[in-house]
Each structure stands twice: as structure tokens, then as C-alpha cells.
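> please find the sequence and the predicted model below.
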Amino acid sequence: MTLRFGTDGVRGLANDELTPELVVALGRAAAAELGGSCFLVGRDTRRSGPLLHAALAAGIQSEGVDVVDLGVLPTPGVAARSAELGVPAAVVSASHNPFADNGIKLFAAGGRKLLDEVEERVERHLSQFLSAGGAAGRPGARPTGAGVGTTTIDGQAAARYRERLVAGLGGRRLEGLSVALDCANGAAAGIAAPAFTEAGARVVATLADRPDGTNINDGCGSTDPSGLAEAVRVDHADVGLAFDGDADRVIAVDGTGTVVDGDRLLALFALDLRRRGLLADDTVVVTVMTNLGFHRAMAAAGVAVHTTDVGDRNILAALYAHGWSLGGEQSGHLVFGRLATTGDGILSGLLLADLLVRASLPLAQLAGGVMESFPQVLRNVPVPDRSRLAGASEVWEEVAAVEADLGADGRVLLRPSGTEPFVRVMVEAVAPELAEAAADRLEAAVRGALPAA
């Protein structure tokens with residue numbers, strides 16, 4: 001058995017696909033490649049979190065590297081602490097996945113996600129450790145005695161992260177704004193509400209803030225903001241904000257209870273930063289999933305759009321390479337390059353609240369006028385081996401035919417999931433029925449070429 005990095009670290013069913021033995025070996029591989037004398041480790045609220053956190057820490061310590069346990073902390077909080085201390089870090093989390101899944105996200109010293117070539121070297125280290133006799137094997141000697149790493153607990157990590165979040169507002173305050181928060185029963189619980197309160201907002205409702213290890217992302221959070229939408233209407237909040245399990249993404253709800261996705265949020269931020277002269281090179285970074293309507297809105301506003309593959313890691317790489325200041329995904333991963341080294345849902349929510357206060361306009365009015373979204377259909381087609389998609393010529397022939405039929409008023413994207421056994425099918429068109437019909441054709445093509453077992 002081994003592990004492979006997907007679009008956001010490694011992920012799988014905890015204690016089955018992602019076993020403690022594999023995670024021990026991964027900890028050793030990460031320590032061997034990323035180096036240093038200290039490694040930060042945080043986690044979200046999953047039941048398997050302590051198990052895999054301990055395994056990861058054991059592997060790191062086995063390489064003679066000390067571990068600082070950050071406890072339950074949002075992924076961007078771990079990245080921020082990594083940037084402050086200049087040491088590598090890891091987060092035990094499966095983000096928006098169900099509670100039975102878990103995963104490992106790695107950060108290089110300085111809080112940045114790993115480059116592809118670094119991930120490949122970690123994978124090679126891992127393969128060598130496993131082939132040398134399981135998690136206990138190693139090419140060469142391991143440290144013993146005083147050379148073995150230790151663990152210390154950082155009990156102030158959450159407080160320091162909250163301070164950093166509020167500082168991101170640059171001294172501006174949120175008095176007069178009422179917010180409702182959905183913490184997904186994840187790492188945002190205990191962090192988000194105090195941060196908004198400290199910034200001056202009035203938190204009128206806090207949902208899904210009682211994690212029990214099994215209720216993370218369960219009918220709540222950014223993947224299911226329906227409860228938040230109802231709370232916004234009932235409590236007359238100005239804005240609702242839903243985070244995912246590790247709080248690196250956010251989805252908003254306006255005062256009418258309408259969901260505002262990452263594309264519209266990104267459009268609002270891009271135009272606001274441009275008006276204030278803070279959008280570097282008048283450029284925003286998006287992924288191939290970004291709605292065609294976003295591209296047209298940015299073109300009309302004179303904002304250049306740089307497109308990457310799916311994954312906030314790819315957005316981050318583009319921001320770093322070019323010195324740009326803003327990027328994001330439809331899913332709610334928003335990256336403010338001058339304030340954070342990764343996507344940060346709570347920070348993005350605070351900045352949205354700040355935008356609303358400065359604009360003195362409701363989110364419904366702002367978001368409704370920022371872009372016209374093309375109807376979009378998303379399908380997850382189960383397949384036994386998603387790697388076979390690239391060579392499925394009959395699927396790509398159908399893609400070409402659908403693209404020809406849609407012309408300039410539509411768009412198609414097929415890709416294998418980076419973390420699950422699915423082929424993702426996305427179609428945009430000027431009318432919902434056209435998008436649905438095109439998606440039906442493509443789903444049928446995938447099922448025909450890659451039939452489920």
C-alpha cells in the first residue's frame with residue numbers, strides 16, 4: 001500500500017485506505033523531505049483525528065524532528081503559524097468530506113502548500129520507507145536516545161490565529177453589521193464567532209458549532225448552507241457565512257436567504273480591490289471551474305483573468321509566481337495573497353463583512369449585480385478507475401461534439417476527481433435545459449466507456 005497526493009494533500013477512508021501505519025510512514029517521509037528541527041501539526045474535529053494526528057507525529061518524531069501540537073485549528077491557522085515560525089506544518093483533515101474520511105495536508109516552511117516536485121519527492125521517500133519493511137523500515141539508521149523527536153503543546157495557537165484574523169481588517173471595524181455563522185461542526189467552532197465579535201460585528205446566530213467527532217459537514221457548512229439560509233431569514237442577519245470542516249473555504253448567504261457562491265464573492269472582491277488600487281496588475285486568478293459569466297464580467301470591468309487547473313494549490317502557485325493579490329474557486333476557496341498563504345474561509349468572511357460595511361449596501365444588491373451566471377450542471381459519475389479517462393477516446397469525441405453544439409455560448413469540462421472515484425462533468429449553457437441535455441450526453445459517454453464494476 002502507498003499514498004498519492006491529490007488536488008489537496010492525501011485523503012481516504014480513515015483506518016482503511018488511510019491507516020495509521022501509512023500515516024506514520026508519511027510523517028517520516030515529510031520530515032525527511034521538508035527538514036528542519038520542528039514540525040507543526042494541527043487537525044480538525046473528526047473522530048479519527050487524534051488517531052492519525054498521533055501516527056503522523058510519531059513518524060515525524062521518528063526522524064528526529066520535534067512536533068508542536070496545535071490541537072484543533074483551521075487549516076489556514078496552521079499555515080499562518082507555519083509562516084510566523086518559518087517551519088513546516090501538517091493538518092490532519094479531509095476538509096469538506098464526510099466524517100469517516102480523513103487526510104493530511106502538508107505545508108513547507110513558511111506556510112505554503114507543496115509544489116508538485118516536492119510532493120513527488122515525499123512520495124518517493126514514502127515508497128522507500130514502505131519497501132524497506134513497512135512503517136518500521138528505513139534505508140539507513142534512525143535516531144535513537146536523545147535524537148528522537150519530542151512533542152510539545154501550543155495552547156495559544158487558536159488565540160493567536162484569532163488575533164491575526166481581526167488584524168486582517170487593517171483596523172477597520174464591523175459595528176452595525178449582523179452576521180449568522182455556520183461552523184460545519186468543524187475547526188471553525190470556537191474561532192469564527194469570537195473573531196467576528198472582536199471585530200465589532202453582532203453575531204445573531206451560530207450554527208453547527210458543537211462538534212462530536214461524527215457530525216462534521218453533516219447537513220451543514222459550505223456544502224449544505226440551507227440551515228444557514230433559514231437562520232439568516234429568521235434572525236434578520238445582514239449576511240450568513242458557512243465554512244467547511246477545516247475552514248479554508250466560505251460560502252455566503254445574503255439577507256434574503258439566497259446563497260452567494262465563490263464566483264460571485266470573488267467578483268465582488270476583485271472589483272472592490274481594483275477600485276481601491278489594491279488588485280495587483282488588475283489580475284485575478286481562477287480555476288477551470290469558474291463560471292463563464294465571471295469571465296465576461298471581469299472582461300467588461302477591465303480585469304484580466306488567469307485560469308489554472310482545479311485546486312487552490314494551483315491558484316496559490318500562480319499568485320506566488322506573478323505577485324498577484326487575489327484568486328479563488330467557485331467552491332469558496334478565496335486567497336488574499338497579501339494577507340494569507342492559503343485559502344482562509346474566516347478571513348474571507350471578515351473581509352466580505354468589511355466590504356458590506358464600507359459599501360453601505362446589502363449583499364443581495366451587490367452580488368446580484370456583479371455578474372450574470374450561466375446555468376451550470378455538475379455531475380459526479382462513479383467509475384472504477386478514474387485514471388482511464390485520459391485514454392477514453394470515445395468520451396473525448398463526445399466532448400468535442402457537445403462543444404461544437406454549444407459554441408461560444410457554453411462550456412464543457414471533464415476531469416477525474418483528485419480525491420474520490422468519480423469523473424466530474426461540468427456543463428454551462430445559456431439555458432438550463434441545454435446544460436442538462438449536454439450533461440446527459442457526456443455522463444452517458446463516461447458510463448459507456450468506463451462502466452462501473
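On my side now, so go ahead. Numbers count the residues shown, from 1 in each chain.
> doesn't A90 make contact with L106?
Yes - counting by Cβ atoms under 8 Å, L106 does reach A90; the two are 5.3 Å apart. Placement of C-beta: from N, CA and C, glycine included.
> from memory T151 sits against L56, does it?
No - in this structure T151 lies outside contact range of L56 using Cβ under 8 Å: 11.1 Å.
> neighbour count winner among those two?
Looking at T151 and L56 with other Cβ atoms under 10 Å, you find the greater number of neighbours at L56, namely 28 against 15.
> quick check, that one in contact with V92.
Yes - using Cβ under 8 Å, L56 is in contact with V92, at 6.3 Å.
> okay, and the common contacts of those two?
Here L56 and V92 share the contacting residues 41, 104, scored by Cβ atoms under 8 Å, 6 or more residues apart in numbering.
> what do L106 and A90 both touch?
Listed as contacting both L106 and A90 by Cβ under 8 Å, 6+ apart are A30.
> neighbour count winner among those two?
Between L106 and A90, counted using other Cβ under 10 Å, A90 has the larger neighbour count: 29 against 24.
> partners of the host helix or strand of that one, with directions?
Per DSSP states H and E: A90 is located in strand 89-92. Sheet pairing for strand 89-92, assigned by DSSP bridges, gives strand 38-43 (parallel), strand 101-108 (antiparallel).
> quick one: average pLDDT of the shortest one?
For strand 38-43, the per-residue pLDDT values average out at 98.
> those helices in the stretch 301-450 of the chain, which residues are they?
In the stretch 301-450 of the chain, the helices defined using DSSP state H, counting those that start in this stretch lie at 312-322, 345-359, 363-370, 393-406, 432-449.
> thinking again about what came up before, just send the strands paired with strand 89-92 back as JSON lines, with distance to R121 too.
What follows is the strands paired with strand 89-92, written out as JSON lines (distance: least, Cβ to Cβ, whole Å):
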{"stretch": "strand 38-43", "distance to R121": "16"}
{"stretch": "strand 101-108", "distance to R121": "12"}
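> out of those, which gets nearest to A321?
strand 101-108 (15.1 Å; Cβ to Cβ).
> give me the residues contacting that closest one.
Residues from elsewhere that reach strand 101-108, judged by Cβ under 8 Å, 6+ apart: 8-14, 18, 23, 26, 30, 34, 46, 48-49, 52, 56, 75, 78-79, 82, 88-95, 97, 113-114, 118-119, 122, 246, 341-342, 419.
> which stretches of the stretch 151-300 of the chain form helices?
157-167, 192-198, 226-235, 262-275, 292-301.
> most tightly surrounded among these?
helix 262-275 (a mean of 23; mean count of other Cβ atoms under 10 Å).
> for A201, what are its contacts?
174-175, 177-179, 353.
> no wait, L278
325, 338.
> picking that back up, now the helices of the stretch 151-300 of the chain as TSV including distance to V381?
Shown next, in TSV, are those (distance: least, Cβ to Cβ, whole Å):
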stretch	distance to V381
helix 157-167	39
helix 192-198	35
helix 226-235	25
helix 262-275	23
helix 292-301	22
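> and R358, which of these is closest to it?
helix 262-275 (8.1 Å).
> which neighbouring elements make contact with that closest one?
strand 250-253, strand 283-287, helix 292-301, strand 326-328, strand 334-336, helix 345-359, helix 363-370 (3 or more Cβ pairs under 8 Å, 6 or more residues apart in numbering; DSSP states H and E).
> okay, R138: pLDDT?
For R138, the model assigns a pLDDT of 55.
> sorry, wrong one. I was asking about A453.
For A453, pLDDT reads 54.
> ok, A135 next?
46.
> with G168 instead?
97.
> got the contact list for it?
Contacts of G168 (Cβ under 8 Å, 6+ apart): 336, 339-340, 347, 350-351.
> next one: L51 from I191, what distance?
23 Å (Cβ to Cβ, to the nearest Å).
> nope, G71 is what I was after
11 Å.
> now do the domain split for this protein, please.
10-155, 160-370, 376-449 (automatic domain parsing).
> okay, the ones you listed in a markdown table with distance to R4 next?
Below are those laid out as a markdown table (distance: least, Cβ to Cβ, whole Å):
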| stretch | distance to R4 |
| --- | --- |
| domain 10-155 | 7 |
| domain 160-370 | 14 |
| domain 376-449 | 10 |
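> what bits of the stretch 51-200 of the chain have low per-residue confidence?
Residues of the stretch 51-200 of the chain that meet the criterion pLDDT under 70 lie in 132-140.
> what are the ranges of the strands in it?
In the stretch 51-200 of the chain, the segments counted as strands under DSSP state E, counting those that start in this stretch are 66-72, 89-92, 101-108, 112-113, 151-153, 178-182.
> need the nearest residue in space to L169, chain neighbours excluded.
Nearest non-adjacent residue to L169, counting by Cβ to Cβ, 6 or more residues apart in numbering: D354, 5.5 Å away.
> isn't the one you found up against G171?
No - at 10.6 Å, D354 and G171 do not qualify as touching, with contact defined as Cβ under 8 Å.
> of those two, who's got more company?
D354 (20 against 6).
> can you check the pLDDT for that one?
D354 is given a pLDDT of 98.
> ok, it - contacts?
Each residue near D354 by Cβ under 8 Å, 6+ apart is listed here: 169, 172, 174.
> buried ones among those residues?
The neighbour count (16 or more other Cβ atoms under 10 Å) marks 169, 174 as buried among those.
> is V381 in a bridge, and if so with what?
V423.
> let me redo that: R112
According to DSSP bridges, beta-bridge pairing links R112 with A108.
> number of nearby residues for it?
19.
> against A317, how distant is it?
R112 is 9 Å from A317, by Cβ to Cβ.
> quick revisit: can you lay out the helices of the stretch 301-450 of the chain as CSV showing distance to R162?
Formatted as CSV, those follow (distance: least, Cβ to Cβ, whole Å):
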stretch, distance to R162
helix 312-322, 22
helix 345-359, 9
helix 363-370, 24
helix 393-406, 47
helix 432-449, 42
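> most tightly packed of these?
Most buried of the helices of the stretch 301-450 of the chain, by mean neighbour count (mean count of other Cβ under 10 Å): helix 345-359, with a mean of 23.
> show me just the buried residues among the contacts of strand 101-108.
For the contacts of strand 101-108, buried by 16+ other Cβ under 10 Å: 8-12, 14, 18, 23, 26, 30, 34, 46, 48-49, 52, 56, 75, 78-79, 82, 88-95, 97, 113-114, 118-119, 122, 246, 341-342, 419.
> which of those residues fall in helices?
Assigned to helices by DSSP state H, the following of those qualify: 23, 26, 30, 34, 49, 52, 56, 75, 78-79, 82, 118-119, 122.
> many thanks, have a good one.
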